[in-house]
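In: Provided below for reference: sequence and predicted model.
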Amino acid sequence: MNKTLASNKKANLKYQKVECFEAGVKLLGTEVKSVKAGRASLDGAYVIIRGGEAYLVDATIPAWQAGNVSKSYEVNRPRKLLLSKNQLLELGEYEGRKGLAIVAFSLYNKKGLIKLELCVGKNKNQRDRRQDIKKRDTQRDLKREIKYR
């Protein structure tokens, strides 16, 4: 079972998933401990493709021990993603299209390794967002009714 370590909660509201990928993340040792402790944040994180490589941008991963890290350490530095060539080519095609974004949805632990779920997302318009909120509220109300009966 995969344990979710960090998630981008706003991404589900803003984007409709078109296609999802699983990628490894190249981290420093102190960052791994920090992520496994649940201190990472993916709010506003996205993926860019540069020079045939994918990078995770705007993900906040603080050092495990603030006093025991070099002064050149950056909390929001771009982190390289480990993907196959075919996946990189596919993501590169999506990156150029208008109305699509490659968004980081969650960081999770899989067999001791930290993986990133990144999805190509299509922007939702205001009506779609309202429908999602309404659907979520009705499901929550139904669960409450079933629970109290």
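Out: Now that the structure is in, tell me what you want to look at.
In: Give me the below-cutoff pLDDT ranges for the chain.
Out: Along the chain, the model assigns pLDDT under 70 to residues 1.
In: again, only this time at 80
Out: Judged by pLDDT under 80, the chain has its weakly predicted residues at 1-2, 65-73, 96, 148-149.
In: Do you have the helices of it handy? List them.
Out: 9-14, 29-36, 85-95, 126-148 (DSSP state H).
In: Can you mark which positions in the third one are buried?
Out: Residues 87-88, 91, 95 are the ones in helix 85-95 that count as buried (16 or more other CB atoms under 10 Å). For every residue, glycine as well, the C-beta is placed using N, CA and C.
In: Could you do the last one as well?
Out: By neighbour count on 16+ other CB under 10 Å, the buried set for helix 126-148 is empty.
In: neighbouring contacts of it?
Out: Here helix 126-148 makes contact (CB atoms under 8 Å, 6 or more residues apart in numbering) with 13-14, 16, 124.
In: Need the max-distance pair from the residues you listed.
Out: Spatial extent of these (CB to CB) is set by the pair Leu13 and Gln16 at 10.2 Å.
In: list residues touching both of those two?
Out: Contacts common to Leu13 and Gln16, judged by CB under 8 Å, 6+ apart, are Lys124.
In: can you tell which of the helices of the chain is closest to Gln65?
Out: With CB to CB as the criterion, Gln65 lies closest to helix 29-36 of those, at 7.0 Å.
In: Tell me the helices and strands packed up against that closest one.
Out: Other helices and strands packing on helix 29-36, by 3 or more CB pairs under 8 Å, 6 or more residues apart in numbering; DSSP states H and E, are strand 3-7, strand 113-123.
In: Using PDB, write out every CA atom in the longest one.
Out: Written as PDB, here are the backbone C-alpha positions of strand 113-123 (Å, rounded to 0.1, in the frame of the first residue of the first chain):
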ATOM      1  CA  LEU A 113      11.100   4.900  -2.800                       C
ATOM      2  CA  ILE A 114       9.600   8.400  -3.100                       C
ATOM      3  CA  LYS A 115       7.400   8.700  -6.200                       C
ATOM      4  CA  LEU A 116       5.500  11.600  -7.700                       C
ATOM      5  CA  GLU A 117       2.200  11.400  -9.400                       C
ATOM      6  CA  LEU A 118       2.100  14.000 -12.100                       C
ATOM      7  CA  CYS A 119      -0.800  14.400 -14.500                       C
ATOM      8  CA  VAL A 120      -1.500  16.400 -17.600                       C
ATOM      9  CA  GLY A 121      -4.400  18.500 -16.600                       C
ATOM     10  CA  LYS A 122      -6.900  20.500 -18.600                       C
ATOM     11  CA  ASN A 123      -8.200  23.700 -17.000                       C
END
